[in-house]
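Colleague: Sequence isn't available, so here's the structure alone:
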């Protein structure tokens, strides 16, 4: 069966099944000029959006439809997590080239719906179009958060402890495996591969942290530790010191780095797409937050450094030597 | 100056100016992981999104950056209008190929901001990426409407009068001029051309009509009268009769049709992109609505037919002969 056989509206009917999983607040789902829904009183509305272009962000040959859809939603949910919010509604715009099969498209929606179901997110609308050669996917997500719990990038203070919620650099290693056609089935490689293709957004972690009302600044690590810490430092008008040996590097990334002769710290600093949370909290609250988090999630927070008043970011090595970190995450336009 | 000189974040800084024009309800604008804003108590939130792909929806050579940006926002605002809503916040995702100049990009944002300012819409966020060959533009827009005034497609009733708020088919004629390199500067052609490239969303008209609480079903004419009336008929489980001679055809389209040997009714039925509102109201309320509208806007509503219980749409000609209308607007996937 080809897309031309079922048409745009036939396709929308097919993918609409299973999109509405939390109907209580929804006034209009897919099928009218706009979606319409109620937002709980006194909640702030959050909106984030992310555009993926074939051959820029993904290779169709190397990416299953499921993982493409899953990740496209995951990166948006990660943004809601970084604001301390609860994700609510998703809107999927897709432009489809002629050589894309219905099966691949249905797999994309299967990936989106799988993650949406986990976090109780409705798919309430979107847009469907033809494309020339590249598959295009834009997802926009709304969320809610109370005004007293919203997290932002601009409230870090000198003396704050800098935490991450998980390992850094795994996703970059997974990308290396994909780009170099290295097998990804062995246990060690599979975790790195999955860190890249199926990142799990930290919505529960973000909500937990926000609810404590002690977090100063927060961001999700999408561009790499150096770039994302750079955003906090710039917007909070502070500096930061990061201890290289405290940066959480997984056992898998250690093995990978030895085998392929990479510096795992470089992957952590400049790799990106880790989708863990990076946040700061006053030193006096740090151990309380860390213990509570450990108890809640049965996994640790990683304290990697401190906020300073230096105006820049320094990396401190095992011997106490410091060197400046230039934010060096992905910049789409610098590559031209 | 090239994009690579200023980089993604430099570009975002440049286009961020003038995006926040209604700051009162905004908690976080461009620059954090997600935008955050307050919605007035007891209002329903509306969301719509529209994806434009170069060489599918527009030709860069034939489209100024200004009109591309303007129209990309206009089509979303038209969807909010069709729900009876007030547009509030816009989110612009753009993927840029290497051969696209900063000037063209800034013109796109100038077009978006021009229309946003007219309707008091903030640009609160988006995404910026590299593209391979085609310029991609996705805009998502939020709006608000009270529950008692929301308009939808599914509430037309047998006996309703069907109205449009303006001329149909002009946009399709404008597209013909563009595709065939026919001059567009003469007064007659310019209006058709502008109907296609700078459609004006009927937000004020939609709000006025919704506030009367008498409208049964509404939609904006984006796919063509036959397809969009088809949506109302299908979703309301009714039928419709349209009188050919009552379909509002502009003087300009009359002249164009004579000159180039087209049937203007065909353009009205199947052309699309008119972005006028199409709605139904009980026959007993029709003249009250029409008079109030005329007084409010100093322009007429056009009563083009009635809702029937036939389950299909019929066109009735001057002699009273009827023929079925098959909804025949644009279907992206049928063209494969």
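Modeller: Perfect, I can see it now. It should be emphasised that the depicted structure is a prediction, and the values quoted were computed from it without experimental measurement.
Colleague: List the buried residues of stretch A:158-177.
Modeller: A:160-177 (16 or more other C-beta atoms under 10 Å in any protein chain shown). C-beta: built from backbone N, CA, C; applies to glycine.
Colleague: End to end on stretch A:12-21, go ahead and measure it.
Modeller: 17 Å (C-alpha to C-alpha, to the nearest Å).
Colleague: what about it, average pLDDT?
Modeller: Confidence for stretch A:12-21, expressed as mean pLDDT, is 88.
Colleague: is chain B contacted by stretch A:111-118?
Modeller: No. Using C-beta under 8 Å from any C-beta of the partner chain, stretch A:111-118 stays clear of chain B, with a minimum separation of 14.5 Å.
Colleague: Residues contacting that stretch, please?
Modeller: A:18-19, A:21, A:64-74, A:77, A:90, A:92, A:121-123, A:139, A:201 (C-beta atoms under 8 Å, 6 or more residues apart in numbering or on different chains).
Colleague: Identify those among the buried residues of stretch A:158-177 that sit within helices.
Modeller: Under the assignment DSSP state H, those contribute A:170-177 to helices.
Colleague: I'd like to know which of those is nearest to chain B.
Modeller: Chain B lies nearest to residue A:175 out of those, by C-beta to the nearest C-beta, at 16.3 Å.
Colleague: mind checking how far that closest one is from residue B:89?
Modeller: Using C-beta to C-beta, to the nearest Å, residue A:175 is found at 34 Å from residue B:89.
Colleague: count of neighbours near the residue nearest to residue A:235 when sequence neighbours are not counted?
Modeller: The shortest distance from residue A:235 to any non-neighbouring residue, by C-beta to C-beta, 6 or more residues apart in numbering or on different chains, is to residue A:154 (4.0 Å). Close neighbours of residue A:154, defined as other C-beta atoms under 10 Å in any protein chain shown, add up to 16.
Colleague: Please tell me I have it right and residue A:154 contacts residue A:217.
Modeller: Yes. In this structure residue A:154 lies within contact range of residue A:217 using C-beta atoms under 8 Å: 6.6 Å.
Colleague: residues shared between the contacts of those two?
Modeller: A:232, A:235-236.
Colleague: Any chance of a markdown table for these, columns neighbour count?
Modeller: Converted to a markdown table, those look like this (neighbours: other C-beta atoms under 10 Å in any protein chain shown):
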| residue | neighbour count |
| --- | --- |
| A:232 | 26 |
| A:235 | 17 |
| A:236 | 21 |
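Colleague: Helix or strand: which one has the residue lying closest to residue A:263 once chain neighbours are set aside?
Modeller: Spatial nearest neighbour of residue A:263, chain neighbours left out: residue A:257 (6.7 Å); criterion: C-beta to C-beta, 6+ apart. Secondary structure from DSSP states H and E places residue A:257 in helix A:251-260.
Colleague: ok so, going back, quick check, nearest of the ones in helices among the buried residues of stretch A:158-177 to residue B:131?
Modeller: residue A:175 (19.8 Å; C-beta to C-beta).
Colleague: pLDDT value on that closest one, please?
Modeller: 94.
Colleague: my read: it touches residue A:195, true?
Modeller: No. Look at residue A:175 against residue A:195 with C-beta under 8 Å: they stay out of range, at 9.4 Å.
Colleague: where's the residue nearest to residue A:263 relative to residue A:274, distance?
Modeller: When distance is defined by C-beta to C-beta, residue A:257 is 15 Å away from residue A:274.
Colleague: what stretches of chain A score poorly on pLDDT?
Modeller: A:1-2, A:328-336 (pLDDT under 70).
Colleague: so where do the strands sit in the stretch 101-250 of chain A?
Modeller: A:122-130, A:136-146, A:161-164, A:215-220, A:239-243 (DSSP state E, counting those that start in this stretch).
Colleague: before we move on, back to that, which of the shared contacts of residue A:154 and residue A:217 lies at the shortest distance from chain B?
Modeller: residue A:235 (6.9 Å).
Colleague: who's in contact with that closest one?
Modeller: Counted by C-beta under 8 Å, 6+ apart, residue A:235 has contacts A:152-154, A:217, B:31-32.
Colleague: May I ask which of the residues you listed has the most neighbours?
Modeller: Most crowded among the contacts of residue A:235, counting by other C-beta under 10 Å, is residue A:217 at 26 neighbours.
Colleague: Report the contact partners of that residue.
Modeller: If you count contacts by C-beta under 8 Å, 6+ apart, then residue A:217 has A:151-156, A:160, A:232, A:235-236, A:279-280 around it.
Colleague: and those, which of them are in helices?
Modeller: A:232, A:235-236.
Colleague: Domain map for chain A?
Modeller: Using automatic domain parsing, the domain ranges for chain A come out as A:3-146, A:161-325.
Colleague: Burial-wise, tell me which of those comes out on top.
Modeller: Highest mean neighbour count of the domains of chain A: domain A:3-146, a mean of 21 (counted as mean count of other C-beta atoms under 10 Å in any protein chain shown).
Colleague: for that one, the distance to its chain's centre please.
Modeller: 15 Å (C-alpha atoms, centre = their mean, to the nearest Å).
Colleague: Compute the first-to-last residue distance for that domain.
Modeller: 43 Å.
Colleague: interface residues of the stretch 151-300 of chain A facing chain B?
Modeller: So the stretch 151-300 of chain A meets chain B at A:152-154, A:219-220, A:235 (C-beta under 8 Å from any C-beta).
Colleague: just the residues you listed now: which is nearest residue B:292?
Modeller: Nearest member of these to residue B:292, counting by C-beta to C-beta, is residue A:152, at 46.0 Å.
Colleague: isn't that closest one right up against residue A:218?
Modeller: Yes. Using C-beta under 8 Å, residue A:152 is in contact with residue A:218, at 7.2 Å.
Colleague: Now for those two: what residues contact both?
Modeller: residue A:83.
Colleague: Please look at residue A:309 and residue A:238 and confirm they touch.
Modeller: Yes. Using C-beta under 8 Å, residue A:309 is in contact with residue A:238, at 6.2 Å.
Colleague: Now do the shared contacts for these two.
Modeller: Common neighbours of residue A:309 and residue A:238 (C-beta under 8 Å, 6+ apart) are residue A:158.
Colleague: Contacts only, for residue A:87.
Modeller: Residue A:87 touches A:76-77, A:80-81, A:119-121, A:141-143, A:203, counting by C-beta under 8 Å, 6+ apart.
Colleague: and those residues, which of them are in helices?
Modeller: Those of the contacts of residue A:87 lying in helices (DSSP H): A:76-77, A:80-81, A:203.
Colleague: Now compare those and name the two farthest from each other.
Modeller: A:76 and A:203 (10.7 Å).
Colleague: Okay, and the beta partners of residue A:94?
Modeller: Listed by DSSP bridges, the beta-bridge partners for residue A:94 are residue A:128, residue A:137.
Colleague: contacting residues for it?
Modeller: A:105, A:108, A:126-129, A:135-138, B:51.
Colleague: what do you get for residue A:176?
Modeller: Contacts for residue A:176 (C-beta under 8 Å, 6+ apart) come out as A:182, A:256, A:260, A:262.
Colleague: Nothing else from me, thank you.
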